[in-house]
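K.L.:
Got a predicted structure here, sequence first:
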Amino acid sequence: MELWWAMLVMAMAFLLCRLLLMLIPPIVPSIEVYASDVMMQESHTVEESYIYIPRKGGVPTDRVYCYEPATMKYLGLVPALNNDEVREHVRQAREAQREWAGSSFKQRRQLLRVLLKYIIEHQELICQVSSRDSGKTMVDAALGEIMTTCEKITWLLDEGEHWLKPEYRSTGRAMPHKCAWVEFRPLGVIGAIVPWNYPFHNIFNPMLAAVFSGNAVVVKVSEHASWSGCFYLRIIQAALQSVGAPADLVHVITGYAETGEALVSCVDKVIFVGSPGVGKLVMQNASRTLTPVILELGGKDAFVVCEDVDVPQVAQVAVRAALQSSGQNCAGAERFYVHSDIYPSFVNQVIKIVKSVRVGPPLDGKYDMGAICLQEDTERLQILVNDAVEKGAEIAVRGKLFIGDLGDDVVGQFYPPTVILNVNHSMQIMQEEIFGPIIAIMKFNTDDEAVLLANDTNFGLGCAVFSGNNYRASVIASKIYSGFAAINDFAVTYMCQSLPFGGVKRSGFGRFSGVEGLRGCCLVKAVVQDRFKFIKTIIPKPLQYPVAENAFEFEEALVEACYSLSVWNRLRGLVNLIKFLMAPENSGQSWKKTH
């Protein structure tokens, strides 16, 4: 009894010590990042605030002009790198990776902690830079840039090392004297080509996985989000320096198609996030060097609402799912299928919410939705709406389209949130990716019809299903052909960073994020070795060169001994094996199997 009591006291003391250690925060150095040139200033000279007027047509090929989509204010210019310059960046990254490949997980975790500390302490600055470069609101930036990145970092801190350690596997019946495992070794240099919709997270997402798994990374940012990318690189470089990591481990490069094409040709793996058309070109270029690729090519996500839901609550989720980042969200909801029993009340709730949405320059006032980032994208959105209206759809509500007085050949950078009803699948708006603040709502009557409609698309990224019955929602979601599903919520799978992210059909293939994304940055190597030092692999005499006359009969007995469905048959095979092995050497005797 005294022994048990002593063991209990020791266990309690151990747990208490662990708890106290958890309460002690790790020592994480602070970093200084030069930000004066990107911070919002209260006053500008005329030259510092002049309006940049992008014209339709050609663009320069040697430089990228950067401007604020919401105000058209000029931000600066960055170089458009050519093939040789890209290869030099990759060469430097490859040299740095050779050193980093031998780094400890302790050092890698410290790097992540430094980044996390800076992000938490500078949320406003990071969101302002993102807002200026992409046109999104500060709230949208906090949700899509800060929270997702912090979640990624904390998941890697908590679980990253575990999933990169050797994973032991079974050896099967024929190799009980062996032990087997899988190693996850760095690939080398990961190349990432990322879009403009989340400038901060789109850099950090592939960078974190690549660097934590021992790789270097070269990120080619969009020409529409290059200004912010150059600043975010400073944060990474300062963090690398603070933990003694190679300075050239992470590169952010700028340019157009030529820059991306050069990157694909000289890295060890490519992660591409963008459109299906460009994704095909990336795949084509990668095929020349057999470079593996991960493609995330957008979606046409279905948002299914059954009749047994809390309509006001789901309507709020629906509007956020459609208008987050002005609808410029690859996992955004684009097709809304609502049960006919609640269709009128759901539509009324959505219209009421959309009417309250304030649209304008996100940093100039209190607005709920910001700008459309790409030049001329408002025209593309209007074409989709016009096509639907011509085919019988009805615009239920929309705000005023803002076009600044900048000239007849300049497009507006704002598009009003729009609710469109009476849509069907003959309309482009229900087939093509919208990537804008348009809510297209369609009725359904049965669960099977909802599934049929949801699967009637060339895309397959994600879906969301709402029902008061979780089982019912899960059954519907399980029948929708997509890479992820959210039950009674929207896109929350991405906030669970242990989960993979990616789609099927025209939404691409491969996965980033989660265990699969982390291990996707690795050379997956299978290893087998002897379990015991005193048991070695010896080629059986019948199989030694030159093979014996009874070699095939020996193999038959071996297969029967290992894999027969009957225990007695396996024993019979074992007896035959022993007979073969005990046969006199060079006897030339061909043993008959025991039956």
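P.N.:
Looks like it arrived, so ask away.
K.L.:
which ones are touching Met40?
P.N.:
128, 132, 363 (Cβ atoms under 8 Å, 6 or more residues apart in numbering). C-beta coordinates here come from the backbone N, C-alpha and C atoms, glycine included.
K.L.:
mind redoing it with 6 Å?
P.N.:
Gln128 (Cβ atoms under 6 Å, 6 or more residues apart in numbering).
K.L.:
Check for me that it belongs to a strand.
P.N.:
No - looking at Met40 with DSSP: H, G, I helix; E, B strand; the rest coil, it is coil, so not inside a strand.
K.L.:
and it, how far is that from Cys127?
P.N.:
Distance of Met40 to Cys127, computed by Cβ to Cβ, to the nearest Å: 11 Å.
K.L.:
Spatially central, which residue of this structure would that be?
P.N.:
Phe512 (4.0 Å; Cα atoms, centre = their mean).
K.L.:
now the helices for the stretch 201-350 of the chain?
P.N.:
Applying DSSP state H, counting those that start in this stretch to the stretch 201-350 of the chain gives helices spanning 226-242, 257-264, 276-287, 311-323, 343-355.
K.L.:
so which of these gets nearest Gly160?
P.N.:
helix 226-242 (16.1 Å; Cβ to Cβ).
K.L.:
Can you list the buried residues in that closest one?
P.N.:
Residues 226-240, 242 are the ones in helix 226-242 that count as buried (16 or more other Cβ atoms under 10 Å).
K.L.:
Quick one: list the elements packing against it.
P.N.:
Other elements packing on helix 226-242 under the criterion 3 or more Cβ pairs under 6 Å, 6 or more residues apart in numbering; DSSP states H and E are strand 63-67, strand 74-79, helix 105-121, helix 123-134, helix 199-212, strand 250-253.
K.L.:
chain center to the second one, what's the gap?
P.N.:
This means strand 74-79. 28 Å (Cα atoms, centre = their mean, to the nearest Å).
K.L.:
by how many degrees do that strand and strand 63-67 diverge?
P.N.:
160 degrees (axes from the mean of the first three to the mean of the last three Cα atoms, to 10 degrees).
K.L.:
Need the contact partners of the helix or strand just after strand 74-79.
P.N.:
Using DSSP states H and E, the helix or strand that directly follows strand 74-79 along the chain is helix 83-100. Helix 83-100 is contacted from outside by 188-189, 215-216, 218, 246, 248-249, 251, 253, 259, 262-263, 266, using Cβ under 6 Å, 6+ apart.
K.L.:
go on, stretch 127-140?
P.N.:
In contact with stretch 127-140 (Cβ under 6 Å, 6+ apart) are residues 38, 40, 68-70, 141-142, 145, 196, 199-200, 225, 227-228, 231, 324-325, 362-363, 370-371, 373.
K.L.:
With stretch 24-39 instead?
P.N.:
113-114, 117-118, 129, 231, 234-235, 238-239, 242.
K.L.:
Okay, now the unreliable bits of this structure?
P.N.:
Low-confidence segments of the chain, defined by pLDDT under 70, are located at 1-2, 21-22, 41-59, 365, 399-412, 585-595.
K.L.:
could you point out the longest helix in it?
P.N.:
helix 2-23 (DSSP state H).
K.L.:
Flag every buried residue along it.
P.N.:
For helix 2-23, burial by neighbour count (16+ other Cβ under 10 Å) applies to no residue.
K.L.:
re the thing from before, next, format the contacts of helix 83-100 as TSV and append distance to Leu543 and neighbour count.
P.N.:
Output for those, formatted as TSV (distance: Cβ to Cβ, whole Å; neighbours: other Cβ atoms under 10 Å):
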residue	distance to Leu543	neighbour count
Gly188	39	20
Val189	44	26
Asn215	42	28
Ala216	46	32
Val218	49	26
Pro246	50	18
Asp248	52	20
Leu249	49	25
His251	53	24
Ile253	55	26
Thr259	56	23
Ala262	51	24
Leu263	49	29
Cys266	45	18
